[in-house]
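# the sequence and its predicted three-dimensional model are supplied below.
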Amino acid sequence: MANEKIVVEEEEIVYKERKRILFFGLPWTFTKYMITADMITVDTGLLRTEENDCYMYKVQDVKLTATLIERMFGLGTIICYTGDVTSPQLSMVHIKHAKEIKNYLLKASEAARLKRRTINTQDIGAGGLDLDGDGIPD
C-alpha cells in the first residue's frame, strides 16, 4: 500500500509551441505553450518557473493579433478570454501557426463546453426591467 502510485491519464498534446523573440522568430525564450483537447498549459521562467493551466471549457473567446513585424516572420499573438480566476486573459505571444491554433481553440473550447454541458452567459443589463408596468422590477 505504501508504494501505490496514482496514475493520471496523459492526454495527447495537440499543439506545442514556444514564445519566440520578434527578431527572425527564433525560439530563444523560456516560455512554452502546450494545448491538449481539455487544457491549455503555459510554462514560463528559467530560475523561477511557473506553470499555469486553463481548462478548455473555460475559454470564452479567442482573438488573434499580428503586427507588421510578426507577419513578416510568420508569427502571431493569440489572446484567450477565459473564466479562469488566475488568468482572465491568457496570451500566447509571438507563436508560429497562430491562425491554425486560434481556430483549433475556438472549436475545442466549444466541444469541451458541450461535453461538460456548461454554458457561457453574458449580463446585458436587463435585470431591473419593469415589464408589466406595476412599478416592481420583474
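Yep, that arrived.

# can you tell me the helix or strand for the residue most central in space within the chain?
The centroid of the chain falls nearest to residue 80 when counting by CA atoms, centre = their mean (4.3 Å). Per DSSP states H and E, residue 80 falls inside strand 75-82.

# got the contact list for that strand?
Strand 75-82 is touched from outside by 20, 22, 25, 40, 54, 58-66, 70, 88-96, 98-99, 101-102, 105, with contacts defined as CB atoms under 8 Å, 6 or more residues apart in numbering. C-betas here are computed from N, CA, C, even on glycine.

# make a PyMOL selection of the buried ones in those.
Here is the PyMOL command that selects the buried residues among the contacts of strand 75-82 (16 or more other CB atoms under 10 Å):
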select buried, resi 20+25+40+54+58+59+62+66+70+90+91+92+93+94+95+98+101+102+105
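
# the contacts of strand 75-82 in helices, which ones?
In this view, the contacts of strand 75-82 that belong to helices under DSSP state H are 70, 98-99, 101-102, 105.

# and which of those residues is nearest residue 13?
residue 101 (12.3 Å; CB to CB).

# helix, strand, or coil at the residue of the chain most remote from its centre?
Centroid-distance maximum for the chain: residue 134 at 45.3 Å, with CA atoms, centre = their mean. Following DSSP: H, G, I helix; E, B strand; the rest coil, residue 134 is assigned to coil.

# check it and give its pLDDT.
At residue 134, the pLDDT value in this model is 72.

# in the protein, which helix or strand is least confident?
strand 13-18 (a mean of 90; mean pLDDT, DSSP states H and E).

# show residues contacting the helix or strand that that one is followed by.
Downstream of strand 13-18, the first helix or strand assigned by DSSP H and E is strand 32-36. Strand 32-36 has contacts (CB under 8 Å, 6+ apart) with 11-19, 40-43, 56, 92, 95, 101, 104-105, 108.

# same thing but at 6 Å, please
11, 13-18, 41-43, 92 (CB atoms under 6 Å, 6 or more residues apart in numbering).
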